[in-house]
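A structural model of the following input is requested.
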Amino acid sequence: MSIKPLLSTSEIQKIVGKMQVEKFHSPVIENAKDFINSWEQDVLSISKSGMVYEFEVKISRGDFKADLKKKCRYYNDNGITPTKHEFYCDPLNYKSTPNYYSYVCADGLIKLGELPASAGLYYIKDGHLIEQCKPKQLHKNIHERTKIVDKVCRLTSERYFLGGSRMTVENKKGAEAWDR
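Below is the predicted model:
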């Protein structure tokens, strides 16, 4: 029997987004995919200094454990597929990784000792974010802000006018055609 989370992923994303906007980050976007790498970022924001922050929302232990095992689509020089966190910590991947990476979850869902060494951790308590562990800076590279802002504008327009990202809408159309 699974326990229903107190807040949904979407509700937590709104709390994280608000925190980043209050820190003058812009843009701040939820469910960002292919902005800097092939993984979907639950919340992505850019600071005034150009640093990219990624937040991964977890509402279950199983989801967190699966995230730790998530493999990269690329192979390293040894032909080994690194995990997402190994990929993020490799300094050679600076163009495809955020500057900071954090988990956000309900109070106590993730323990500090379970975190990847570079990840930060925020707990949600009474609708507020409480920093448990500050994320370590993965690299100092400043991503091309205009490319990210262009993608944010495109995705925002697609979500508003199409009801979802173009890829999601096209995938739904394809699935409906198969059902006929």
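
for V43, list the residues it contacts.
Going by CB atoms under 8 Å, 6 or more residues apart in numbering, V43 touches 13, 16-17, 20, 28-30, 32, 53-55, 57, 104. For every residue, glycine as well, the C-beta is placed using N, CA and C.

could you dump these into CSV and include pLDDT, distance to L6 and neighbour count?
As requested, those are exported to CSV (pLDDT from 0 to 100; distance: CB to CB, whole Å; neighbours: other CB atoms under 10 Å):
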residue, pLDDT, distance to L6, neighbour count
Q13, 95, 15, 20
V16, 97, 15, 23
G17, 95, 18, 19
Q20, 95, 21, 21
V28, 92, 23, 21
I29, 90, 24, 22
E30, 90, 19, 20
A32, 82, 25, 22
Y53, 95, 24, 22
E54, 95, 23, 26
F55, 97, 18, 27
V57, 97, 13, 24
V104, 98, 13, 25
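
which one of the residues you listed is nearest D42?
The closest of the contacts of V43 to D42 turns out to be V57 (CB to CB; 4.3 Å).

so how far is Y100 from the closest one?
Per CB to CB, to the nearest Å, V57 is found 15 Å from Y100.

Y103: neighbouring residues, count only.
24 (other CB atoms under 10 Å).

next SSE downstream of the top helix by length along the chain?
The residue-count maximum for a helix in the chain (DSSP state H) belongs to helix 145-162. The helix or strand immediately downstream of helix 145-162 is helix 166-179, counting by DSSP states H and E.

in strands only, show me the contacts of V43.
Mapping the contacts of V43 onto strands (DSSP state E) picks out V28, I29, E30, A32, Y53, E54, F55, V57, V104.
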